[in-house]
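>>> just coords:
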């Protein structure tokens with residue numbers, strides 16, 4: 001998820017590390033805050049793989065800044081990761097939002113639609129956070145108001161996402 005976010009933000013414009021960290025934190029926010037100790041090793045891995053380059057620019061007030069840019073290989077890799085997201089990128093809501101945030105970088109509407117169809121198929125499968133043996137429990141079956149709240153909120157969120165997915169797929173297919 002972090003590498004995808006780095007590639008996605010740098011696809012738009014070169015950024016220095018601090019600005020990149022702010023943008024990633026705004027995207028993942030309270031769910032998965034990005035520490036420097038996580039971000040900079042990921043940047044170095046992507047740099048070593050030839051997916052991004054670092055240039056030094058004079059700082060406005062202080063020390064020089066390192067500005068990061070995608071290479072052509074980095075652009076290709078971002079589009080590959082968006083075209084072929086792994087299963088966790090489809091099923092984990094936070095990872096999904098990262099994919100969705102950059103899906104516009106795929107220039108091909110059928111490729112975008114294929115990714116959305118995978119998410120749609122996942123959401124259409126019956127699921128719950130709570131089970132009675134193998135049977136998924138519904139909010140209405142729970143006495144615990146807090147667990148009922150989890151399921152009620154999740155259902156509303158899923159319904160809204162399903163509506164959006166179907167409408168977006170219709171526009172991409174049309």
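That came in fine, so what should we check first? Quick caveat, the model's predicted, so the values are computed rather than measured. Residues are numbered from 1 along each chain as shown.
>>> Got the phi and psi for the residue lying closest to residue 101 once chain neighbours are set aside?
Nearest non-adjacent residue to residue 101, counting by CB to CB, 6 or more residues apart in numbering: residue 27, 5.9 Å away. In short, each C-beta sits where N, CA and C put it, glycine included. Backbone torsions for residue 27, taken as degrees, to the nearest 10, come to phi -80, psi -50.
>>> for stretch 120-134, which positions count as buried?
Using 16 or more other CB atoms under 10 Å as the test for burial, stretch 120-134 gives 120, 123, 128.
>>> Check the separation of the first and last residues in that stretch.
23 Å (CA to CA, to the nearest Å).
>>> three-state assignment of the residue nearest the centre of the chain?
The centre of the chain sits closest to residue 98, judged by CA atoms, centre = their mean, with a distance of 1.1 Å. Recorded secondary structure, residue 98: helix (DSSP: H, G, I helix; E, B strand; the rest coil).
>>> residues in contact with the nearest residue to it once chain neighbours are set aside?
Nearest residue to residue 98, sequence neighbours excluded (CB to CB, 6+ apart): residue 1, at 5.0 Å. Each residue near residue 1 by CB atoms under 8 Å, 6 or more residues apart in numbering is listed here: 28, 32, 89, 94-95, 98.
>>> Residue for residue, what is the longest helix this structure has?
Across the chain, the longest stretch assigned as helix under DSSP state H is helix 145-173.
>>> Would you mind pulling up the elements that that helix packs against?
helix 109-124 (3 or more CB pairs under 8 Å, 6 or more residues apart in numbering; DSSP states H and E).
>>> Show the subsequent helix or strand relative to the helix it packs on.
strand 131-132 (DSSP states H and E).
>>> Flag the helix or strand of this structure with the lowest per-element mean pLDDT.
The helix or strand of the chain with the poorest confidence is strand 135-136; it has a mean of 85 (mean pLDDT, DSSP states H and E).
>>> List the contacts of it.
126-128, 130.
>>> mind running it again at 6 Å?
126, 128 (CB atoms under 6 Å, 6 or more residues apart in numbering).
>>> roughly how far is it from the heart of the chain?
Here the centre of strand 135-136 is set off from its chain's centre by 29 Å, with CA atoms, centre = their mean, to the nearest Å.
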